[in-house]
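>>> everything below, folded, please.
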Amino acid sequence: MNKLSAVLIVKNEEANIAKCLDAISFADEIIVLDTGSNDNTADIAKSKGAKVHHQSKWQGFGDAKRQAVSKAENDWILSIDADEIVSNDLADKIKSILEEPKYSLYRIKRKSFYLGKLINHCGWQNDYPKRLFDRRVANFNDKTVHESVVGNCEIGTIDEPIFHNTYPTISSHIQKIDFYSELAANSSAKKNVSFLRIFIEASLKFIKMYLFKLGFLDGKAGFALCSMSSFGVAIKYLKIKMKSN
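A predicted model of the protein is given here:
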């Protein structure tokens, strides 16, 4: 069977890291790249048997994940985030695949929770990020934000899920919006964005998620998610406008 390296990039994830690492203990090794934690994340990871490395300079998510992959001893990589849990069914599926892989890159079903509620609509029901791959054929691109695994190969699909515990509170979502929008604005600072476009893009985001993607069926959590996603779009474009010449 092909050996597996599970890789994570983390920062201040002491509340999540232990459960995440327990769920991927079937991997032959676990690589954790800490990007500047000031809590007990690194110590907890070490106590769980992970190999912990520290990043000296932040240059975006794509670069960090490529660095984490480069630390691995094995060619087969499972990329996971600290707020995600590999289900038992997925662990069994991955072990089965690694006995004789049919593809070099796999998408994995992700089921996400928002404010503690499983979101079944809002577009999140179609979430299949590319997470399991042979690094000899595929790897992360170098995008600062919204990074992804790319490779010139056929892609398989795994329906056994990763469980994603996203934002437990509105406040935690606002903090992430501020962080991600700053990254996006810095990489698009030369673009000139009108106030009309900001309004249209934010409105369309809400309409798409809440109406077309049936977010209203997710109740209060669905409304909150669609509203905050719309707000995130507005903040991103507003920051781009303020940074433009």
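>>> burial count for the residue lying closest to Glu147 once chain neighbours are set aside?
Excluding its sequence neighbours, the residue lying closest to Glu147 (Cβ to Cβ, 6 or more residues apart in numbering) is Gly62, at 3.7 Å. Where you see a C-beta, it was placed from the backbone N, CA and C, and this is true even at glycine. The local packing of Gly62 (other Cβ atoms under 10 Å) involves 20 other residues.
>>> what pLDDT is listed against Gly62?
On the pLDDT scale, Gly62 is placed at 94.
>>> so it is in contact with Asn139, correct?
No - if you go by Cβ atoms under 8 Å, Gly62 and Asn139 don't touch, sitting 9.6 Å apart.
>>> what packs against the longest helix belonging to the chain?
Longest helix of the chain, by residue count under DSSP state H: helix 219-243. Under the contact definition 3 or more Cβ pairs under 8 Å, 6 or more residues apart in numbering; DSSP states H and E, helix 219-243 sits against strand 105-114, helix 170-187, helix 195-207.
>>> for the ones you listed, which one sits closest to Ser148?
Closest approach to Ser148 among the helices and strands packed on helix 219-243 (Cβ to Cβ): strand 105-114, 10.6 Å.
>>> please name the nearest non-neighbouring residue to the residue nearest to the spatial centre of the chain.
Centroid check for the chain by Cα atoms, centre = their mean gives Asp81 as the closest residue, at 5.9 Å. Counting by Cβ to Cβ, 6+ apart, Leu8 is the residue found nearest to Asp81 once chain neighbours are left out, at 6.7 Å.
>>> that neighbour: which element?
strand 4-10 (DSSP states H and E).
>>> packing partners for that strand?
strand 29-34, helix 61-70, strand 76-79.
>>> which stretch among the ones you listed comes nearest His54?
By Cβ to Cβ (comparing all of the helices and strands packed on strand 4-10), the closest turns out to be strand 29-34, at 5.1 Å.
>>> any idea of the mean pLDDT for stretch 27-47?
97.
>>> that older thread, tell me which of the helices and strands packed on strand 4-10 sits most buried.
strand 76-79 (a mean of 24; mean count of other Cβ atoms under 10 Å).
>>> which residues are contacting the helix or strand of the chain with the lowest mean pLDDT?
Sorted by mean pLDDT, DSSP states H and E, the helices and strands of the chain end with helix 170-187, the least confident at a mean of 92. Residues from elsewhere that reach helix 170-187 (Cβ atoms under 8 Å, 6 or more residues apart in numbering): 60, 115, 144-145, 166-167, 224, 228, 231-232, 235-236, 239-240, 242-243.
>>> which of these sit farthest apart?
Largest pairwise distance in these, by Cβ to Cβ, is 31.1 Å, between Leu115 and Lys243.
>>> higher neighbour count, the two?
More neighbours surround Leu115 than the other of Leu115 and Lys243, with 18 against 15 (other Cβ under 10 Å).
>>> contacting residues around the more buried one?
Tyr167, Pro168, Thr169, Ile170, Lys220, Ala221, Ala224, Leu225.
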